[in-house]
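Colleague: Any chance you can model this:
(one chain, ligands or ions: 1)
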Amino acid sequence: MHHFEHRNGTLFAEGVSVKELAERFGTPLYVYSTATLTRHFQAFDSAFASMEHLTCYSVKANSNLHVLRLLASLGAGMDIVSGGELYRALLAGVPAERIVYSGVGKKPAEIRQALDAGILMFNVESVQELLRINEVARDMGKTAQVSFRINPDVDPKTHPYISTGLKKNKFGLNIDNALEAYALARDLPAVEPVGIDCHIGSQLTTIEPFLEALDKLLIFYDKLKGLNLNIRYLDLGGGLGINYNEEEPPHPTEFGAALTKALGHLPLKLILEPGRVIVGNAGILVTEVLYTKQTPSKNFVIVDAAMNDLLRPSLYGSFHRVDEVVPQGRPAQDVDVVGPICESGDFLAKDRLLPEVRQGERLAVYSAGAYGFTMSSNYNTRPRAAEILVDGEQAIVARRRETFESLVAQEL
Ligand code: LLP
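Modeller: Model prediction:
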């Protein structure tokens with residue numbers, strides 16, 4: 001459920017006309033809805049109300065400071081994967097003790113930065129990383145709280161690029177060797193193992209893979225008891241999918257009920273790292289039709305947003321619904337919606353039935369709030385889009401459109 005809907009023949013983001021936003025701020029334009037973000041966060045978080053938990057929003061999905069600030073004000077913690085994300089989270093006012101740090105390649109400076117801030121824990125992905133964290137913490141006279149990310153070898157049945165919990169993936173520790181790693185951590189002076197972590201992939205549309213992973217983790221948790229550690233957190237990562245097209249992912253309530261049932265009796269605080277499910281359908285990308293052209297084999301709608309603005313269709317072949325901002329009621333045509341970038345892989349939609357559109361009209365690309373702006377680039381020296389955050393009748397510029405000057409600033 002989101003707050004983008006047509007009213008009186010034109011698309012609204014909450015109480016604001018998207019056409020007016022495009023006229024005022026130009027295109028391509030990301031537009032986010034505060035009411036949707038709030039609703040999604042609260043729906044997710046409240047699904048776990050019956051057990052001790054912390055919802056650590058995954059910053060990589062949408063790292064705009066205004067979005068982070070809003071989620072922090074609703075009680076969110078954050079899941080980060082870089083020093084840059086830590087910097088953003090702290091700037092947005094997220095208390096450090098609500099931050100967990102994941103990722104296979106944390107650099108010493110980033111580890112130091114996180115220890116300085118006093119984050120809740122590191123989700124450690126290799127023995128070498130553990131040793132490095134121990135070294136850095138020892139030099140700082142601190143103790144680092146750590147969890148190991150366990151790779152349970154479960155197929156999340158999603159796109160291969162975003163599957164992370166299979167044996168062949170680079171993530172986490174093999175579940176069969178993880179016990180040794182905990183024993184090592186126990187004996188190191190400057191780390192304290194406090195949790196178990198796992199993230200098996202993204203855009204999962206069924207609960208079964210989560211439960212399959214959880215089963216394996218709980219067997220592992222039992223084995224860990226022999227080491228006499230004080231394990232108090234279980235981090236199940238993110239990954240709950242959303243509806244882009246015809247997927248029917250479980251509602252967070254259903255997800256929460258299933259996990260709570262499996263875990264509620266254990267003395268563990270559950271940590272969750274949702275990204276997409278919070279922000280995905282809380283954002284759209286608005287673009288203007290520059291040209292239409294017919295070739296013997298295709299109808300192309302050439303728009304001013306491109307793969308540099310929204311990479312998902314090019315990179316994963318992802319489906320994003322595309323629709324007119326102000327529907328004109330013309331008959332539908334089979335079209336490719338493409339951007340100005342010099343690659344045939346630059347498309348937002350392929351072989352799509354779309355009402356005939358004309359130059360100067362605008363299209364909305366839906367479900368663009370997650371991994372949209374954060375994966376954008378300056379390819380073809382295109383300034384990145386502005387981001388607008390709508391709240392009721394208000395619209396604020398959450399990020400200004402980049403300028404040519406800002407693009408070359410680091411090169412002068
Ligand atoms: N936790 C960890 C350790 C992760 O690696 C991720 C996502 C999440 C949480 C959040 O997952 P979510 O709830 O958003 O599924 N660029 C891809 C998605 C990559 C996801 C990477 N990791 C896309 O556009 O579909």
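Colleague: Let me know the distance separating the residue nearest to R321 when sequence neighbours are not counted from D215.
Modeller: Leaving aside its chain neighbours, R321 sits nearest to Y366 (4.2 Å; criterion: Cβ to Cβ, 6 or more residues apart in numbering). (Each C-beta comes from the backbone N, C-alpha and C, glycine too.) Distance of Y366 to D215, computed by Cβ to Cβ, to the nearest Å: 35 Å.
Colleague: what about those two, which has more around it?
Modeller: Neighbours were counted for Y366 and for D215 using other Cβ atoms under 10 Å; Y366 has more, 20 against 13.
Colleague: So what does the more buried one look like in phi/psi?
Modeller: Dihedral pair for Y366: phi -90, psi 170, per degrees, to the nearest 10.
Colleague: Run through the residues that contact it.
Modeller: If you count contacts by Cβ atoms under 8 Å, 6 or more residues apart in numbering, Y366 has them with F4, Y244, N281, I284, H320, R321, V322, D323.
Colleague: nearest to L65, of those?
Modeller: Nearest to L65 among the contacts of Y366 is I284, at 19.7 Å by Cβ to Cβ.
Colleague: Please tell me how far the closest one sits from F300.
Modeller: 22 Å.
Colleague: and those two? which has more neighbours close in?
Modeller: Between I284 and F300, counted using other Cβ under 10 Å, the more crowded position is I284 (29 against 15).
Colleague: which one is that one nearest to, not counting chain neighbours?
Modeller: A364 (4.7 Å).
Colleague: any idea which helix or strand carries A109?
Modeller: helix 108-117 (DSSP states H and E).
Colleague: from the chain's centre, how far out does the following helix or strand past that helix sit?
Modeller: Sequence order places strand 121-124 as the next helix or strand after helix 108-117, per DSSP H and E. Offset of strand 121-124 from its chain centre (Cα atoms, centre = their mean, to the nearest Å): 18 Å.
Colleague: and stretch 175-184, which residues are buried?
Modeller: For stretch 175-184, the buried set under the neighbour-count rule, 16 or more other Cβ atoms under 10 Å, comprises I175, A178, L179, A181, Y182.
Colleague: again with stretch 326-338
Modeller: For stretch 326-338, by 16+ other Cβ under 10 Å, it's V335, D336, V337, V338.
Colleague: Please list all residues in contact with the last one.
Modeller: Put plainly, it is V338. V338 neighbours (Cβ under 8 Å, 6+ apart): F300, V301, I302, V303, D346, F347, L348.
Colleague: Which secondary structure elements does the helix or strand harbouring V146 sit against?
Modeller: Take DSSP H and E as the rule and V146 turns out to sit in strand 144-151. The contact analysis (3 or more Cβ pairs under 8 Å, 6 or more residues apart in numbering; DSSP states H and E) places strand 144-151 against strand 121-124, helix 127-140, strand 173-174, helix 178-187, strand 191-197, helix 208-224.
Colleague: Quick one: name the residues of this structure near the ligand.
Modeller: Within the chain, the positions near the ligand by Cβ under 6 Å from any ligand atom are 58, 61, 79, 102, 162, 199, 202-203, 237-240, 273-277, 312, 370-371, 375.
Colleague: Among those residues, which ones are in strands?
Modeller: S58, D79 (DSSP state E).
Colleague: Would you map out the domains in this protein?
Modeller: 4-32+280-411, 34-277 (automatic domain parsing).
Colleague: Can you give the distance from the longest strand seen in the chain to the centre of its chain?
Modeller: Using DSSP E, we find that the single longest strand of the chain is strand 283-294. Averaging C-alpha positions (Cα atoms, centre = their mean) puts strand 283-294 25 Å from its chain's average.
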